[in-house]
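Engineer: model the structure of this input:
(one chain, ligands or ions: 1)
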Amino acid sequence: MAKRFGILTSGGDCPGLNAVIRGAVLKGETVYGHEFVGFRDGWYGLVYGDIMALDRTTVRGLSHQGGTILGTSRFGPYTEPDGGPENIKKVLADLKLDGVIAIGGDGTASASKRLFEDGINIVGVPKTIDNDIDATDYTFGFNTAVEIATEAIDRLRTTGNSHKRCMVLEVMGRHAGWIALHSGIAGGAHAILIPEQPESLDQICAWVTSVKNRGRAPMVVVAEGFKLPDMKEGYSVKGLDGFNRPRLGGIGEVLAPMIEERTGIETRATVLGHIQRGGVPTAFDRVLATRMGMAVADLVAEAKFGHMVALHGTEISRITFDEALGELKQVPVDQYQEIRVIFG
Ligand code: F6P
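Structural biologist: The predicted structure is shown next:
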């Protein structure tokens, strides 16, 4: 008899989520004869049995579409009164579902691990634009975010050059500066500031001044989680998110007037924000997401519950939830130093 699986997307969205859904449904239907439904709005749909049909027709033309057709949320499967494994088992039985495919970041992976230990058939696909999951070489969405940030740098440089201004671009990156590092290198930034590596205002201003003295317009890229040496946490004035983490954002606006005051060069800040998460995925992300979706269809077909898919080199492989939740993948000091020597 055909098996039935439910797919959900949870946490912050990410370009490529729809391509994963399409890959999983197409391979699952075509190769294994499985049926799929989508849970609406992350764990909410699973806890309340809120589903939509997912078949070949529903996923048609989805690989280039940004966002997630399923919707997402930061609703936790254990934190809400109706959540918890016993209720979820009942929902799955009522819907005649044999398991769950959860696409999400570290919060989703830790909830999935707990549900698996509590007896739920569940597998996962890692997702984050920040690319900070150590157990996979790349997450889909990262390449798209880097392309968008690089284009923003290119655009800021032309207006910066016209006005002879210092331009500061703030990009996402809560604990890891991968988007800042890659877009900053690609865009030829004169300073790249990342959460892993505090830099003093004196040092930042020395880089800016040396660029100004050469008659050029300085370009500084800063990740939202960057900290000056006297800051204990990333800059946050927007309260908490749905997972009770401080909402970051605004460090670029803090740095710009400091740079202007110290160096005497007119300085403007741009916060790129959620533009990095929206819109069409790049071809690289579509390919990675499609391959991950197809691989997760294999996982459920083989009943390899408790596992996630990952990219190692060019191969899609399998890891356990424990492995996925290991170390955060941060920018290593030597990779940062490699580019830092040409700042300024
Ligand atoms: O985790 C990915 C991320 O893009 C972080 O870099 C950022 O701090 C966060 O999402 C912002 O998410 P939201 O505004 O949707 O809560």
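Engineer: around the ligand, pick out the residues from the stretch 51-200 of the chain.
Structural biologist: Where the stretch 51-200 of the chain comes near the ligand, counting by Cβ under 6 Å from any ligand atom, the residues are 105, 128, 129, 130, 172, 173, 174. (Glycine included, C-beta is placed from N, CA and C.)
Engineer: output the residues you listed as CSV; include the columns secondary structure and neighbour count.
Structural biologist: Rendered in CSV, the data for these read as follows (DSSP: H, G, I helix; E, B strand; the rest coil; neighbours: other Cβ atoms under 10 Å):
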residue, secondary structure, neighbour count
105, coil, 21
128, coil, 25
129, coil, 29
130, coil, 28
172, coil, 27
173, coil, 31
174, coil, 19
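Engineer: just give me the closest of the residues you listed to residue 191.
Structural biologist: Nearest to residue 191, judged by Cβ to Cβ, of those is residue 173 at 15.0 Å.
Engineer: residue 145 is in contact with the closest one, correct?
Structural biologist: No. Counting by Cβ atoms under 8 Å, residue 173 stays clear of residue 145, with 9.2 Å between them.
Engineer: between those two, which contacts overlap?
Structural biologist: residue 179 (Cβ atoms under 8 Å, 6 or more residues apart in numbering).
Engineer: how about the nearest residue to residue 176, chain neighbours excluded?
Structural biologist: Counting by Cβ to Cβ, 6 or more residues apart in numbering, residue 176 lies nearest to residue 132, which is 3.8 Å off, once chain neighbours are set aside.
Engineer: quick one: the helices in the stretch 1-150 of the chain?
Structural biologist: 17-32, 43-48, 85-94, 106-117, 142-163 (DSSP state H, counting those that start in this stretch).
Engineer: now the strands for this structure?
Structural biologist: 4-9, 35-39, 51-54, 99-104, 122-126, 166-171, 191-193, 219-223, 267-271, 307-312, 315-320 (DSSP state E).
Engineer: generate a markdown table for the ones you listed, with mean pLDDT and mean neighbour count as supplementary columns.
Structural biologist: Supplementary listing: the strands of the chain in a markdown table, determined by pLDDT from 0 to 100; neighbours: other Cβ atoms under 10 Å:
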| stretch | mean pLDDT | mean neighbour count |
| --- | --- | --- |
| strand 4-9 | 98 | 26 |
| strand 35-39 | 98 | 24 |
| strand 51-54 | 97 | 17 |
| strand 99-104 | 98 | 27 |
| strand 122-126 | 98 | 28 |
| strand 166-171 | 98 | 29 |
| strand 191-193 | 98 | 27 |
| strand 219-223 | 98 | 29 |
| strand 267-271 | 98 | 19 |
| strand 307-312 | 98 | 23 |
| strand 315-320 | 97 | 16 |
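Engineer: which phi and psi does the residue of the stretch 101-250 of the chain found nearest the ligand have?
Structural biologist: In the stretch 101-250 of the chain, the residue that lies nearest the ligand is residue 172 (3.5 Å; Cβ to the nearest ligand atom). For residue 172, the backbone dihedrals (degrees, to the nearest 10) come out as phi -70, psi 170.
Engineer: does it touch residue 276 like I think?
Structural biologist: Yes. In this structure residue 172 lies within contact range of residue 276 using Cβ under 8 Å: 5.4 Å.
Engineer: since that was my last question, I'll sign off now.
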